[in-house]
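**Q** Sequence below, structure please.
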Amino acid sequence: MADSDTTTPTGTAPPPSAPSLADMQHWTWVLGRAQQMLLEQGMATMTANTALFPAIPGFTDPATLARTRDFWSESLSLWQRMLDPAKPAPRAESPDHARDKRFKDPRWHNDPVFDFIRQSYFLVADTMLAQVEAVEGIDDKQREQMRFTARGFLDAMSPTNFPGTNPEVIARTIETRGENLLKGLHNMLADLGKGQLTHTDQSAFELGRNIAMTPGKVVHRTDLYELIQYNPTTETVLAAPLVIFPPWINRFYILDLSPEKSFIRWAVEQGITVFMVSWRSADKTMKHVVWDDYIAAQIDAVDTIRAVLDVPAVHTIGYCVAGTTLAATLAILTARGEADKVASATFFTAQVDFEKAGELLHFVADDQLALIRSLTRDGFLDGRYMAAVFNQLRGRDLIWNYVTNNYLLGKDYAPFDLLHWNGDTTNLPAAWHIAYLTDLYRDNRLARPGEMQALGTPIDLSTVATPAYIQAGREDHIAPAESVWAMMHHFIGPKRFVLAGSGHIAGVVNPPSAQKYQYWLNPGETERFEDFVAGATETKGSWWPDWREWLRAMGEEQVAATGARLPGEGALSALEDAPGLYVRAR
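**A** Numbering: from 1, shown residues only. Have a look, this model is predicted:
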């Protein structure tokens, strides 16, 4: 029978009373002191018995044990500060932590519990990343892979991603009586159903209505691409036309978003006859397509334009992977004695030497290539896979931000044309995509003269004398600026390098009217990218006008914008209005 002093009149145990603040502080001290004693004794034992217990690097070596002791000591201090906010912080908050947009809600700083959660997360993150830096016996590539994996794990484990540890989600759930979670569940199930994360209101945009709406005509179509010619808006135009090769990984209209952002519209307004290649999204009928086919398509587009306008040469632009391909095309034309077909070549964030190609190098290991092969049994890679890969490169912004806002908070998707384009995926020919990852990214064969060939011709970039304008993005995480710079060492012709503010997309799509970002030029002869940066002069705003002046320096001759300069009025009939058929294909 239970003692009568510990039961209620009905015989049940009384509810336990909540511990007081003094009690919690006392037991926190007890646990902390015990922890300190264990750590000190453990380190003393290891030090005294190194012969019997040799240090295991990364586990029992003195540096690792010291980091462990510091970690638990700071954890205890954070816990004590939560109980008594008047206590000083165990360490000064770093500027990066203070600026972290995930924790901008004031409750992360003002509420002791959530401040403890936030600070504990940063402590764990800093400790894990410090441990990566301390690992011995690995090369730089392995360490960078570990950094990438650790950062991805830490981004996924942020307390902002979980409803029970995010004060904004808790408050929103109480306010809406759980409607936010139901709406978020609806959003998540919809994304699972389509196999792709949603970033924007997909119903807000329509091709030809409010994006990809620069007037023009499809004047040529093959099994691999459509050629679009845009309507002139000036009475005269440059005699040499321009053809743009966009990456086939994405839809071409990244360069023709809303009118105020459209590079195509702006170029037309500068008095340039503009042609755009629109690649076909791959299906099972394209399993035979390889790099040779894309190079042949670029040559075909150049020859088609030269013939229809009766001009000796064209200006070219290659964006990202299409710029890599353009470099190979120039080498092949040079080997054939046909280099004069191209008056100039502009490269938007394109690479030819992949030694320092950045975080995408983490996706060319044997297991990653085996995964791609398993996903491409029909001869093409579903574009949603590539979208997921690119999202992982900026997981905090392109994955977890949307998990919090649209799954947990249940917010509506905001309309954003660039993110609409980002989600408009294209499929890739499997054979070429795997070869691209192995030959270029993994093995870096294009950088070595003659090691690769296409259309029966060895590719030697060191023979290319075509004037080149090479643009890189300072914050580009797909084609790092230093990797793009390597192109300066492969071509032998006149080259102009411009470093643009922002990254792979915003660094390119930066119209002068926006008055955003900046760019850097260095007229001196520099061997290293670091030297270019050190001696570069910054100019505010868009680099587009600089490119226009560079292009005009190739030749100022003007012709009337009549006849074949009007889409469909020359030897090629208009097949349909821009943006064409292929850009709409799934």
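**Q** Low-confidence stretches in the stretch 251-400 of the chain?
**A** Per-residue confidence of the stretch 251-400 of the chain (counting by pLDDT under 70) places no residue in a weak region.
**Q** That one: helices as residue ranges?
**A** Listed in chain order, the helices of the stretch 251-400 of the chain (DSSP state H, counting those that start in this stretch) span residues 263-269, 291-309, 321-335, 366-375, 383-393, 395.
**Q** Looking at these, which one is packed in the most?
**A** Each of those was assessed for mean neighbour count using mean count of other C-beta atoms under 10 Å. The highest is helix 321-335, with a mean of 25. Where you see a C-beta, it was placed from the backbone N, CA and C, and this is true even at glycine.
**Q** helices and strands around that one, which ones?
**A** strand 242-245, helix 291-309, strand 314-319, strand 342-348, strand 457-458 (3 or more C-beta pairs under 8 Å, 6 or more residues apart in numbering; DSSP states H and E).
**Q** Counting by contacts, list what the helix or strand that residue 191 is a member of packs against.
**A** Assigned by DSSP states H and E, residue 191 belongs to helix 179-194. Applying 3+ C-beta pairs under 8 Å, 6+ apart, one finds that helix 179-194 contacts helix 167-176.
**Q** so what does the helix it packs on touch, helix or strand wise?
**A** helix 107-110, helix 179-194.
**Q** Okay, buried residues for it please.
**A** 167-169, 172-173 (16 or more other C-beta atoms under 10 Å).
**Q** What is the nearest of those residues to residue 265?
**A** Here the nearest of these to residue 265, counting by C-beta to C-beta, is residue 168; it sits at 40.1 Å.
**Q** Contact partners for residue 150?
**A** Residue 150 makes contacts with 128-129, 132, as judged by C-beta atoms under 8 Å, 6 or more residues apart in numbering.
**Q** still on that earlier bit, I'd like the helices and strands packed on helix 167-176 laid out as CSV, including distance to residue 273.
**A** Supplementary listing: those in CSV, determined by distance: least, C-beta to C-beta, whole Å:
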stretch, distance to residue 273
helix 107-110, 55
helix 179-194, 39
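**Q** Relative to residue 508, which of those helices is closest?
**A** Across these (criterion: C-beta to C-beta), the nearest stretch is helix 179-194, sitting at 27.9 Å.
**Q** which helices and strands sit right next to the helix or strand following that closest one?
**A** Next along the chain after helix 179-194, taking DSSP H and E as the criterion, comes strand 216-221. Helices and strands in packing contact with strand 216-221 are listed as strand 225-230, strand 274-279, helix 291-309, strand 576-577; criterion 3+ C-beta pairs under 8 Å, 6+ apart.
**Q** Quick one: these as JSON lines, columns for distance to residue 99 too.
**A** Rendered in JSON lines, the data for the helices and strands packed on strand 216-221 read as follows (distance: least, C-beta to C-beta, whole Å):
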{"stretch": "strand 225-230", "distance to residue 99": "42"}
{"stretch": "strand 274-279", "distance to residue 99": "39"}
{"stretch": "helix 291-309", "distance to residue 99": "42"}
{"stretch": "strand 576-577", "distance to residue 99": "47"}
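**Q** Would you tell me which of the ones you listed gets closest to residue 409?
**A** In this view, those are compared for proximity to residue 409 by C-beta to C-beta, and strand 274-279 is the closest at 37.3 Å.
**Q** Quick one: residues in contact with the closest one.
**A** Among residues not part of strand 274-279, those counted as contacts by C-beta under 8 Å, 6+ apart are 216, 218, 224-230, 241-246, 248, 251-252, 255-256, 264, 267-268, 297-298, 301, 305, 314, 322, 426, 578-580, 582-583.
**Q** That one vs strand 225-230, what angle?
**A** Between the axes of strand 274-279 and strand 225-230, defined by axes from the mean of the first three to the mean of the last three C-alpha atoms, to 10 degrees, the angle is 160 degrees.
**Q** Low-confidence regions, the stretch 51-200 of the chain specifically.
**A** Segments of the stretch 51-200 of the chain classed as low confidence (criterion: pLDDT under 70) are 51-91.
**Q** Run a quick neighbour tally on residue 258.
**A** Using other C-beta atoms under 10 Å, residue 258 has 15 other residues around it.
**Q** ditto for residue 182
**A** Tallying neighbours of residue 182 according to other C-beta under 10 Å, which is how burial is gauged here, yields 12.
**Q** got the contact list for the nearest residue to it once chain neighbours are set aside?
**A** In space, not counting the residues next to it along the chain, residue 182 is nearest to residue 410; the distance is 7.4 Å by C-beta to C-beta, 6 or more residues apart in numbering. Under the criterion of C-beta under 8 Å, 6+ apart, the contact partners of residue 410 comprise 172, 176, 179-184, 187.
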